[in-house]
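In: Turn this into a structure:
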Amino acid sequence: MVFRISGWLITAVLTILTVVPPGMVRAATSTTNTKPAAKVDRAMLVNQSVRVVVLPPGRAVTVWFDFKNTGTATWTKNGSHPVGLNTDDPSRRRSKFATNTWRAFWRPNRIVEKNVKPGKVGRVRFAVRAPKKEGIFRERFALVRDQDTPIPGGQAEFVMVVGKTDDPGQVFQALPKERRLSFWVKPGERIFRSIEFRNVGYATWRNEGFGTVNLDRSTGNATAALSTGSAAALTLQATPLITKSAGRRESTTATLDAVAPNTAGVYTDAIALNGPFGVISGSTVPIEITVSEEPKPPLDSEPLIRVGVFAPAKKQNAVTKEYAAGVDVTANGDYEIRQADSNELLASRHDGQVTTVAYNYTQKTHLFSIDGTAVKVSAPIRLIPGSPDVIFEIKSSSLGTYNRFRGTLEIRYSSATGKTWIINELPTEQYLAGLGETGSSAPDEFVKTLVTAARTYALNKIFVGRKHASEYYHINSTTDQVYLGYNYELKAPNIAAAALATRGIIVTHTSMVTEKNKLGVIVAAYSSCTDGRTRSYYERWGGLPDDFPYLVSVPDPNGICTNTRWLQGLDGNHMVGLSATGALRTIVKDGLTFDAMLRYYYSGVTILRAYL
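Out: Okay, here's the model as predicted:
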């Protein structure tokens, strides 16, 4: 049987079955009487003055939100159905940020515009005041019509960080205990390492609730060793929270948990702490991972060396009559001024800005000066580069053209000697790149010989640390080994190349093994030339005949001095250990390698790689 359905009935059925969007009311539809659809409220947040407000306790600031009217109803500021902003989650909650300018403790304000038609943007502007309690706070709002009818899509929020500063850069800051991590692992091996960080900012780090801090990969590194999902990359097993909350100047730890690649090679990357607003300043730790079946070197990381660059002269101020010693310092990038003992941030400086650092002998205090304003500091002062590419320049005639340095600079008074030292702290290999013991035209194998001896001498001073302990550095830039810094690195790039080719390689002897010097790093003495044989340690400096069994006299026919005073052992040419002239001429004449030269001049030694 066939049924015929009239057109009006089909229209009515389709009208009933049509999906009605949320918030809209569809009028009954017929062929004879159609009512207009009801006006709909809907909004979308399109802009806001700030997402994070940083304020000292009790300070007020004006903020605003911009909402686009994406509905069909016009918003009005006044009248019987005004549109404004309420606190939310839950609605009409008393806000910690309310000021006496709010319309109520739960309503900051109404829209600024008299009316906002569909498709247009309206703004809600209001003041907020920081609570008296320091911490991190989040406030949520909702756009409403009348007193509390929410407008869909009208949600907004911002975070307030309350501390002793209004500088966002000082709110979240960290100081990792280890500035660099190195791992030597087998293919596929698990890496599990607890890493300590100190909170040197003003905001508390939390391990639960809002504002948590966790360990994660820092992006933008060379071989993406920690990137998840790569076939030849170290995979992070988790991004863990810090183990406990940490207030200002407190320390906490986070655990690196990862698996090494299955492919042998060297991988570089970095990890960092992530806070509520991204990576925490200063928390990035570079990582180098060597995947190999070979044994691991004895040291986990490259040591830092402290070099006494020079001691500026004590001068009297013509106006104050006070005595002080100091220098002007600038840099080619951002750097920080910090107190040495507590690592407290004292000031942040930028490219080209000059900072004067000094020790005032009259007032017995360290100080730094910016634009003529002096700040006294109760401890030595450190200038820390914002990145490894930042180079410091010391403005002093005492240094001549060799006045630029990598790493950190420190000014520190020594009560033992009465001198104020400018100390350069940097990784050992960067120190070697600025070594001024040879020139740019020397043969590569000779430069590797000299650089390895210099590295060995430096590490001995780092581990044993007796010679300059009272002046708070390991080695000076003149009488120990000539160190000229970054400008000489540019002038003689072959020295940096030799350091790279021999990275971490040192000379050791069993007689030197002690609790402090566990590797037995030797005193790698070297001088310019000899009279045909080297001298033993005992012959030159005394002590017991067997004290330094590796520093014995050996024939040096290729190392005879042409300088009469040096031939007589004067002007610091002690003739003990490596003979630079002898090694150079032997390498040129016989083609010997750097390790063969070292074994000849240092008797009975072992040459090994101490670190990667």
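
In: pLDDT below threshold where in the protein?
Out: For the chain, the stretches flagged by pLDDT under 70 are 1-35, 164-169, 210-211, 219-239.

In: at 50 what do you get?
Out: Along the chain, segments meeting pLDDT under 50 span 1-31, 220-233.

In: what's the longest helix in it?
Out: Ranked by residue count, the top helix of the chain under DSSP state H comes out as helix 444-464.

In: Helices along the protein, start to end?
Out: Using DSSP H, helices in the chain cover 7-17, 428-433, 444-464, 486-491, 493-501, 537-541, 564-567, 580-590, 594-601.

In: quick one: which of those is nearest residue 574?
Out: Of all these, helix 537-541 sits nearest to residue 574, with 5.3 Å by C-beta to C-beta. C-beta here means a position set from N, CA and C on the backbone, and glycine is covered the same way.

In: what's in contact with that closest one?
Out: 523, 525, 543-545, 547-548, 551, 553, 569, 574-576 (C-beta atoms under 8 Å, 6 or more residues apart in numbering).

In: For the residues you listed, name the two members farthest from one another.
Out: 544 and 569 (21.3 Å).

In: So between these two, which is more surrounded?
Out: When neighbours are counted by other C-beta atoms under 10 Å, residue 569 comes out ahead of the other of residue 544 and residue 569, with 17 against 8.

In: tell me the phi and psi of the more buried one?
Out: When read as degrees, to the nearest 10, the backbone of residue 569 gives phi 80, psi 30.

In: thought it was touching residue 575?
Out: Yes. Using C-beta atoms under 8 Å, residue 569 makes contact with residue 575 at a distance of 5.7 Å.

In: Now do the shared contacts for the two.
Out: With C-beta under 8 Å, 6+ apart as the test, residue 569 and residue 575 both reach 535, 540.

In: OK, contacts around the residue nearest to the spatial centre of the chain?
Out: Residue closest to the mean C-alpha point of the chain, counted by C-alpha atoms, centre = their mean, is residue 282 at 3.9 Å. Contacts for residue 282 (C-beta under 8 Å, 6+ apart) come out as 173, 174, 175, 176, 200.

In: Go ahead and build a PyMOL selection from the buried members of those residues.
Out: Of the contacts of residue 282, the buried ones can be selected in PyMOL as follows, counting by 16 or more other C-beta atoms under 10 Å:
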select buried, resi 173+174+175+176+200
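
In: show me the contacts for the closest residue to residue 526 other than its chain neighbours.
Out: Closest residue to residue 526 apart from its sequence neighbours, by C-beta to C-beta, 6 or more residues apart in numbering: residue 578 at 3.7 Å. Neighbour list for residue 578: 449, 450, 453, 524, 525, 526, 527, 597, 598, 601, 602 [criterion: C-beta under 8 Å, 6+ apart].

In: swap the cut-off to 7 Å and go again
Out: By C-beta atoms under 7 Å, 6 or more residues apart in numbering, the residues touching residue 578 are 453, 526, 601.

In: do residue 135 as well
Out: 162, 204.

In: hey, what's it bridged with?
Out: Judged by DSSP bridges, the bridge partners of residue 135 are residue 162.

In: Distance of it relative to residue 205?
Out: Distance of residue 135 to residue 205, computed by C-beta to C-beta, to the nearest Å: 11 Å.

In: Next: residue 471.
Out: From residue 471 across to residue 205, the span is 37 Å (C-beta to C-beta).

In: okay, those two: which has more neighbours?
Out: Per other C-beta under 10 Å, whichever of residue 471 and residue 205 has more neighbours is residue 205, with 28 against 21.

In: Could you report the neighbour count for the residue lying closest to the more buried one once chain neighbours are set aside?
Out: Excluding its sequence neighbours, the residue lying closest to residue 205 (C-beta to C-beta, 6+ apart) is residue 213, at 4.2 Å. Using other C-beta under 10 Å, residue 213 has 25 other residues around it.

In: ok, residue 213 touching residue 272?
Out: No. Taking contacts as C-beta atoms under 7 Å, residue 213 lies outside contact range of residue 272: 10.5 Å.

In: Mutual contacts of the two, please.
Out: Here residue 213 and residue 272 have residue 280 as joint contacts, going by C-beta under 7 Å, 6+ apart.

In: thinking again about what came up before, can you redo the contacts of residue 578 as TSV with neighbour count and distance to residue 288?
Out: Formatted as TSV, those follow (neighbours: other C-beta atoms under 10 Å; distance: C-beta to C-beta, whole Å):
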residue	neighbour count	distance to residue 288
453	27	25
526	23	30
601	28	32
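
In: could you say what helices and strands the longest helix of the chain packs with?
Out: helix 428-433, helix 493-501, strand 505-508, helix 580-590, helix 594-601 (3 or more C-beta pairs under 7 Å, 6 or more residues apart in numbering; DSSP states H and E).

In: contacting residues around the first one?
Out: Pointing back at helix 428-433 there. Contacts for helix 428-433 (C-beta under 7 Å, 6+ apart): 302-303, 305, 307, 406-407, 451, 454-455, 458-459, 483, 489, 495-496, 499, 503.

In: likewise the last one?
Out: With contacts defined as C-beta under 7 Å, 6+ apart, helix 594-601 is touched by 445, 448-449, 452-453, 507, 534, 554, 577-579, 583, 586-587, 605, 607.

In: For residue 581, see how far away residue 137 is.
Out: For residue 137 relative to residue 581 (C-beta to C-beta), the value is 71 Å.
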